[in-house]
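S.K.: no sequence for this one, just the structure:
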């Protein structure tokens, strides 16, 4: 086992089909689609449950159920039902990202300071203004942490796409194993790990950009906490 | 004027929070709703801006029934201050204060410049504008809360225990500033507190609630202290209500003895006639506990007479010259006469 596959320049050719850059791109494509669909489904549901307090058992149980569901098994089931293609892969990956996003949206909304929300209503904000101008911005740190953990999980798990004939970094693992090319397997594992770290760093930057400094205490260093 | 007309609030489950409440909160005055916890004072306050919907009865602001109005529009016209201020943690102090003007459709520039003025009004310098609530002390947060409620210059303000989350020293300062602010602005204010001392200090009118949402008494602080309607109110306003009621009368009518000596104690004056202190039996000069003028309260005179080393309060004129002396028993005689006179007025 060595790093020769990873450091072979031929494998980094941008235009070569099956080259690492193309695999990364396909991999990120699955990740992005799964996160997008998962967010579209889980975020409104989580916000609604957190906002109203109704159906909180869904939020709590979906987190536990989601974690115990094996993605590979689900994928095989979906392939059996739907045949090969992108759809079963996206379904399996989406099921993976829903619980952390749903649970964090719910938790973020539940832990908000009720006094602040009372003040927002009392000042004459309409319900949707309370939601989007007060509740969501305040819940963003928790929401983002759920999204980041979903992203990390799906980056690692999207390798299963290769098991059903699709592309992505899983190709290096599956194909490498098939021909006993452990250098290729190692290259796949390393690239997936590095990709996960980079994606998380990127999302950390996004979080820093969209979350108010008033919530993170980042501003504290610039002006001292004053006394009365 | 805020009018409660036979207002009842029964919560689902059957507990009565407010029981047939009728009262009028006068325009431009501060009315304090006070009572033990669970007496319906907060529920009553929150029915004014429709945060709570009454089961029956009407609430009118300047003759207009609040139930016929759009909730959000109604609330934008009513200042709202709550305990712990409830500031938006993700917005700067300036943007917190600009909230209601922005909701009312003002441009960001207009709203911010109005907010800047208000920060100054509540005693916060411009450097606070860019800070976030988490960087402020509790007292400063509460000032921002008051500024935020005043931002759109609403004629009516609702305040739910606005000063109860800060320590007594800070609260004292906030009270003083708030009274000064109210003197300038003359808002119609309804404030809730559980602290009777705060109610008596701040309120032009005080509404005392008792358990079960009954209004026990509605009157001026002086009326509550001097003529509580029943044992509940008497006990609630406290055992020292007699002493505290002296805060409402000035020493203008209080007769004084000529400046001189008592029981071997002599008031020593400087060349300008200002009191220096008391000398007993030719000993050293002991400072007076303080002096009063005719504008000070009877309570202050009483306090001075008690704390003076010789039991005598000293009255001075505007120029600081000693004008007269009040001994313990002068005070007792005066208060007895005042009590009899009041009783006669009442029965007449």
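M.R.: On my side now, so go ahead. Keep in mind that what you see is a predicted model, and the values were worked out from it rather than measured.
S.K.: domain assignment for chain B?
M.R.: Domain ranges of chain B: B:2-241, B:251-335, per automatic domain parsing.
S.K.: Pick the most buried one from the ones you listed.
M.R.: Counting by mean count of other Cβ atoms under 10 Å in any protein chain shown, domain B:2-241 has the highest mean neighbour count of the domains of chain B, with a mean of 19. No exception for glycine: its C-beta is placed from N, CA and C like everyone else's.
S.K.: Quick check: phi and psi at the residue positioned nearest the centre of chain A.
M.R.: The residue lying closest to the centre of chain A (Cα atoms, centre = their mean) is residue A:151, at 2.2 Å. Residue A:151 adopts backbone torsions of phi -60, psi -40, taken as degrees, to the nearest 10.
S.K.: Check the gap between it and residue A:93 for me.
M.R.: Distance check for residue A:151 against residue A:93: by Cβ to Cβ, to the nearest Å, it reads 11 Å.
S.K.: Overlap in contacts, these two.
M.R.: Listed as contacting both residue A:151 and residue A:93 by Cβ atoms under 8 Å, 6 or more residues apart in numbering or on different chains are residue A:31.
S.K.: quick one: what helix or strand has residue 100 in it?
M.R.: Answering for chain A, as no chain was given. If you go by DSSP states H and E, residue A:100 is part of helix A:86-110.
S.K.: nope, chain B please
M.R.: With DSSP H and E as the test, residue B:100 turns up in helix B:99-103.
S.K.: Contacts for the next helix or strand after that helix, please.
M.R.: Per DSSP H and E, the first helix or strand lying C-terminal to helix B:99-103 is helix B:108-121. Residues external to helix B:108-121 that are found in contact with it (Cβ under 8 Å, 6+ apart): B:93-95, B:97-98, B:101-102, B:106, B:125-126, B:128-129, B:144, B:147, B:150-151, B:181.
S.K.: Repeat the analysis, applying 6 Å as the threshold.
M.R.: Residues from elsewhere that reach helix B:108-121, judged by Cβ atoms under 6 Å, 6 or more residues apart in numbering or on different chains: B:94, B:97, B:98, B:101, B:102, B:147, B:150, B:151.
S.K.: and these as CSV, adding distance to residue A:122 and pLDDT?
M.R.: Shown next, in CSV, are those (distance: Cβ to Cβ, whole Å; pLDDT from 0 to 100):
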residue, distance to residue A:122, pLDDT
B:94, 20, 96
B:97, 15, 96
B:98, 16, 95
B:101, 16, 94
B:102, 16, 95
B:147, 15, 94
B:150, 14, 93
B:151, 13, 92
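S.K.: Also near chain A: which of those, exactly?
M.R.: By Cβ under 6 Å from any Cβ of the partner chain, no member of those lies near chain A.
S.K.: Which one of those is nearest to residue B:324?
M.R.: Using Cβ to Cβ, residue B:150 comes nearest to residue B:324 of the contacts of helix B:108-121, at 44.5 Å.
S.K.: Against chain A, how distant is that closest one?
M.R.: 12 Å (Cβ to the nearest Cβ, to the nearest Å).
S.K.: List the residues that contact that residue.
M.R.: B:79, B:118.
S.K.: Excluding sequence neighbours, find me the nearest residue to the residue in the stretch 151-300 of chain B that chain A sits nearest to.
M.R.: Closest contact between the stretch 151-300 of chain B and chain A, by Cβ to the nearest Cβ, is at residue B:170 (5.3 Å). In this structure, residue B:170 finds its nearest non-sequential neighbour in residue B:139, 3.9 Å apart by Cβ to Cβ, 6 or more residues apart in numbering or on different chains.
S.K.: Helix or strand for that neighbour, just tell me which one.
M.R.: Using DSSP H and E, residue B:139 maps to helix B:138-150.
S.K.: Just the angle for that helix relative to helix B:108-121, thanks.
M.R.: 130 degrees (axes from the mean of the first three to the mean of the last three Cα atoms, to 10 degrees).
S.K.: check whether the next helix or strand after helix B:138-150 contacts chain A.
M.R.: Next helix or strand after helix B:138-150 toward the C-terminus (DSSP H and E): strand B:156-160. No - Strand B:156-160 lies apart from chain A when judged by Cβ under 6 Å from any Cβ; the minimum separation is 7.6 Å.
S.K.: Direction included, what does strand B:156-160 pair against?
M.R.: Strands that pair with strand B:156-160, judged by DSSP bridges, come out as strand B:78-82 (parallel), strand B:188-193 (parallel).
S.K.: Quick one: residues in contact with the shortest one.
M.R.: It refers to strand B:78-82. By Cβ under 6 Å, 6+ apart, strand B:78-82 touches A:115, A:119, A:122-123, B:49, B:145-146, B:149-150, B:154, B:156-160, B:162.
S.K.: mind redoing it with 7 Å?
M.R.: Outside of strand B:78-82, the residues within contact range by Cβ atoms under 7 Å, 6 or more residues apart in numbering or on different chains are A:115, A:118-119, A:122-123, B:49, B:145-146, B:149-150, B:154, B:156-160, B:162.
S.K.: next one: the last one
M.R.: By Cβ under 7 Å, 6+ apart, the list of residues contacting strand B:188-193 from outside reads B:1-2, B:25, B:27-34, B:41-42, B:45, B:48, B:155-162, B:164, B:182, B:199, B:202.
S.K.: now swap in stretch B:47-66 and tell me
M.R.: By Cβ under 7 Å, 6+ apart, the list of residues contacting stretch B:47-66 reads A:121-122, B:1-10, B:43, B:46, B:67, B:71, B:74-75, B:78, B:80, B:156, B:158, B:190.
S.K.: ok so, going back, comparing the domains of chain B, which gets the lowest mean pLDDT score?
M.R.: Per-stretch mean pLDDT for the domains of chain B is lowest at domain B:251-335 (a mean of 87).
S.K.: Can you give me the first-to-last residue distance of it?
M.R.: Length of domain B:251-335, first residue to last, Cα to Cα, to the nearest Å: 11 Å.
S.K.: again with stretch B:131-140
M.R.: By Cα to Cα, the extent of stretch B:131-140 from end to end equals 11 Å.
S.K.: Measure how far that stretch is from the centre of its chain, please.
M.R.: Offset of stretch B:131-140 from its chain centre (Cα atoms, centre = their mean, to the nearest Å): 24 Å.
S.K.: Residues of chain B that sit close to chain A?
M.R.: Residues of chain B found near chain A, taking Cβ under 7 Å from any Cβ of the partner chain as the criterion, are B:49, B:51, B:72-73, B:75-76, B:80, B:82, B:84, B:86, B:88-91, B:99-100, B:103, B:131-137, B:139-140, B:170.
S.K.: Out of those, list just those in helices.
M.R.: B:72, B:73, B:75, B:76, B:99, B:100, B:103, B:139, B:140, B:170 (DSSP state H).
S.K.: Next, count neighbours for residue A:168.
M.R.: Using other Cβ atoms under 10 Å in any protein chain shown, residue A:168 is surrounded by 27 other residues.
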